[in-house]
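> The following block contains a protein sequence and its predicted model.
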Amino acid sequence: MAHGTDAKDGVNLVYHRFSAFHRFNHVLVMVSFFGLVLTGVPLKFKDSIWAQLLMDLMGGVAAAGFLHRVMAVVNILYFILEFSYMAWYVVARKGPIFHEDSIVPGKKDWADMKGMFRWFFGKGQKPKLSRFAYWEKFDFWALFAGTFLIGGSGLMMWFPEATTRILPGVSLNVALVIHSNEAFLATGVIFIFVHFFSAHGRPESFPADEVIFSGYLPVEHYISDRPQEYENRLKAGTLHEVIRPAPSARRRRLFRWVTATATVFAFLAASYTVLLVLWPVLF
Ligand code: HEM
């Protein structure tokens, strides 16, 4: 969803999509994931010249290992925060759970996916998306499951004595295989194939979707991008919960800069991943 303002009768209104908590958590995901890939992946390709160069730049293997653990703590922190938020959301009944506007996948997502592919080939109308599109739900739950797997196997390697007090020694080898391969898969999924591509590479968002940094988007973009949520809210009379006055021009400029900076890092990360994939093929 691209950014701008909605001027109606001189009043600027925006649709508020992400709270400060979710934007903060997304920053933690970004920082820790960038850091973990940067410090972990050279270990996997330790024989290549670029991995040795990166290791030297980071101050050697011990320094990279230390940084990897610092970033791992940030990684665990966002997982705990998000999990606690979800538990609170369910217990305090903050909103719908099994509803098309919730993050839980349902029948509509399957229908939307099929409809989207039909639309790609000019065989039907574009599906009317609800609050979260099917690819956004995939992104969210894949990261959730991936963090559990990578984090769990990483902690097993970080604390080998504690692990082998409960499990046989071979479990450490299994943890390394899971960690290493899942890390490689996650790097490709986030930096190229799914997340960057579907969240920021779509024509509606390219080159970056500002909404995850600012939290809001123009009302007219909201209506055209999430028509089903808009209709649902109109019917339920809950539109006022998400429509707010636009932030000041200064704040909007700040968010544009933040997004531009993140885009440069995203481009570097995607180039790094292409290098990872092509290196073994070319050399
Ligand atoms: C809670 C999260 C994590 C923990 C506790 C953790 C911990 C570890 C530990 C202890 C090692 C062994 C190497 C060393 O001693 O320095 C390692 C290696 C590695 N980590 Fe992580 N890590 C985490 C998340 C991640 C993530 C998200 C990625 C990338 C997406 C990643 C990528 C790697 C890679 C590629 C290796 C090298 C594996 C190999 O030698 O083949 N890690 N990690």
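Received the coordinates, thanks. Numbers count the residues shown, from 1 in each chain.

> Contact partners for the residue of the stretch 1-150 of the chain found nearest the ligand?
Nearest residue of the stretch 1-150 of the chain to the ligand (Cβ to the nearest ligand atom) works out as Gly40 at 2.5 Å. In this view, the C-beta of every residue, glycine as well, is placed from N, C-alpha and C. Gly40 makes contact with His68, Ala183 under the criterion Cβ atoms under 8 Å, 6 or more residues apart in numbering.

> Distance-wise, check it relative to Ser180.
Look at Gly40 and Ser180: by Cβ to Cβ, to the nearest Å, they are 9 Å apart.

> re the thing from before, off-centre distance for the host helix or strand of the residue of the stretch 1-150 of the chain closest to the ligand?
Per DSSP states H and E, Gly40 falls inside helix 20-44. Here helix 20-44 is found 10 Å from its chain centre; the criterion is Cα atoms, centre = their mean, to the nearest Å.

> Check which residues of that helix are buried.
25, 27-30, 32-42 (16 or more other Cβ atoms under 10 Å).

> Likewise for stretch 104-111?
Lys108, Asp109.

> And the contacts of that stretch?
By Cβ under 8 Å, 6+ apart, the residues outside stretch 104-111 that reach it are Ile97, Phe98, His99, Glu100, Pro127, Ser130, Tyr134, Lys137, Trp141.

> In ChimeraX, how would I select just the buried ones from those residues?
Under the burial definition 16+ other Cβ under 10 Å, those of the contacts of stretch 104-111 that qualify are selected in ChimeraX by:
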select :100,127,130,134,137
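
> biggest separation within the contacts of stretch 104-111, which pair?
Ile97 and Pro127 (22.0 Å; Cβ to Cβ).

> Could you list every helix and strand in contact with the longest helix anywhere in the chain?
Ranked by number of residues, the top helix in the chain under DSSP state H is helix 249-282. In terms of contacts (3 or more Cβ pairs under 8 Å, 6 or more residues apart in numbering; DSSP states H and E), helix 249-282 is packed against helix 20-44, helix 170-188, helix 211-214.

> I'd like these as TSV, with mean pLDDT appended.
Shown next, in TSV, are the helices and strands packed on helix 249-282 (pLDDT from 0 to 100):
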stretch	mean pLDDT
helix 20-44	95
helix 170-188	95
helix 211-214	94
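
> For the ligand, what's the nearest residue on the stretch 151-283 of the chain?
Gly154 (2.4 Å).

> mean confidence for the helix or strand harbouring that residue?
Using DSSP H and E, Gly154 sits in helix 134-158. Helix 134-158 shows an average pLDDT of 96 in the prediction.
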